[in-house]
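# Let me see the structure of the following:
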Amino acid sequence: MESRAVRSYKLRGRRITEGQQEAWDRLWPIFGIENSDQKINLAELFPDSKRVIMEIGFGMGEATAQIAAADPTTGYLAVEVHRPGIGKLLLRIEEGELKNLRTIEGDAFEVFEQMIVDSSLDGVHLFFPDPWPKARHFKRRIVNQEFIASVATKLKPGAFFHIATDWHPYAQWIAEEFTKQSFFTGGEVERPDWRPLTRFEDQGINKDHPVADFRFIKK
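Got it, this is the predicted structure:
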C-alpha cells in the first residue's frame, strides 16, 4: 500500500526517555505487534476476549490502560505513531498486568488496510484527535469520508465507533461529516462513565473547552 500524501498527524520529536526505551526493548517483543501486511488473527491474539476494540492515537496511554483494566473480557488493540507514548503504554501494561491490551506502531489507515480483517472489530475508539484548527490544515483532520468508510469496513454490523473531542469547531466538523455518510447511525451522546477523565481532558475543561462525545453504530 502506498503511503498517503496527506497525514492526519504530525510526527513530533521521537526523543524517548531512558525509561521508555528500556520499556520498549524489554516489553515490545511481548506486547507489541509488528506493523506488516499480514492480517491479525484477533481470536488468537485475544483468546479469552468476548470482543475486540481498537483505539486510534492513544497518546501516552493513560486512558487506554484504565479502560482495559476495567474491562478484562474485552481485547484492546491500541495504535499509535509516536514511540514515546508506546513506551509509556508498554510500562502501563506491565504494571497493570494487563493481558487484554496490545499495541501497534503505525498509521491507523495503513493498519486498517493491511492488518485488520473486514467486519472483525466490535468497536473503535478515537479520543481527542488533533483538531488541526487552521483552515489550511482541515485536509489533515482524520475524521473525513475516507476514514469513516475505512472504519466501517472493519467493524461488524452493529459495532460502534466512539469519538471524543474538546475542540468545539471539530465537534461540528464531525457531526457534519457523519451526515454525509451512509454507514452509521447515531450522533452526540453524554460522556460515558467508562471513559476515564485524563489529565489532558481535565486541562481542556479547565480552559473552558467543552468536551463532545459521539457514538455511531454501524448499520
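
# Any regions of the protein where pLDDT drops low?
1-14, 204 (pLDDT under 70).

# Taking the centroid of it, which residue is nearest it?
Among the residues of the chain, the one closest to the centroid is residue 56, at 1.6 Å (CA atoms, centre = their mean).

# what's that residue in contact with, if anything?
Residues near residue 56 by CB atoms under 8 Å, 6 or more residues apart in numbering: 79, 108, 124, 125, 126, 129, 142. Yep, even glycine has a C-beta here, placed from its N, CA and C like the rest.

# Count the neighbours of the third one for me.
Neighbour count for residue 124, taken as other CB atoms under 10 Å: 25.

# Distance of it relative to residue 39?
Residue 124 sits 17 Å away from residue 39, going by CB to CB, to the nearest Å.

# Does residue 16 fall in a helix, a strand, or a coil region?
Secondary structure state of residue 16, per DSSP: H, G, I helix; E, B strand; the rest coil, is coil.

# Contacts only, for the nearest residue to residue 101 once chain neighbours are set aside.
In this structure, residue 101 finds its nearest non-sequential neighbour in residue 68, 4.2 Å apart by CB to CB, 6 or more residues apart in numbering. Residue 68 makes contacts with 74, 76, 96, 98, 100, 101, as judged by CB under 8 Å, 6+ apart.

# Can you select the buried ones among the residues you listed for me in ChimeraX?
Only the buried entries of the contacts of residue 68 go into this ChimeraX selection, using 16 or more other CB atoms under 10 Å:
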select :74,76,98,100,101
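
# one step back: I'd like to know how far the residue nearest to the centre of the chain sits from residue 79.
5 Å.

# Determine the residues that are contacts of both of those two.
Common contacts of residue 56 and residue 79, defined by CB under 8 Å, 6+ apart, comprise residue 108.

# Name the SS class of the closest residue in space to residue 85 that isn't next to it in sequence, please.
Excluding the flanking residues, the one nearest residue 85 by CB to CB, 6+ apart is residue 60, at 4.9 Å. What three-state DSSP gives for residue 60 is coil.

# thinking again about what came up before, quick check: bridge partners of the residue nearest to the centre of the chain?
In this entry, residue 56 is beta-bridged to residue 79, residue 126, by DSSP bridges.

# which residues in the chain form strands?
Along the chain, counting by DSSP state E, strands occupy 32-33, 51-56, 74-80, 101-105, 121-127, 155-165, 184-189, 212-218.

# Having no further points to raise, I will conclude here.
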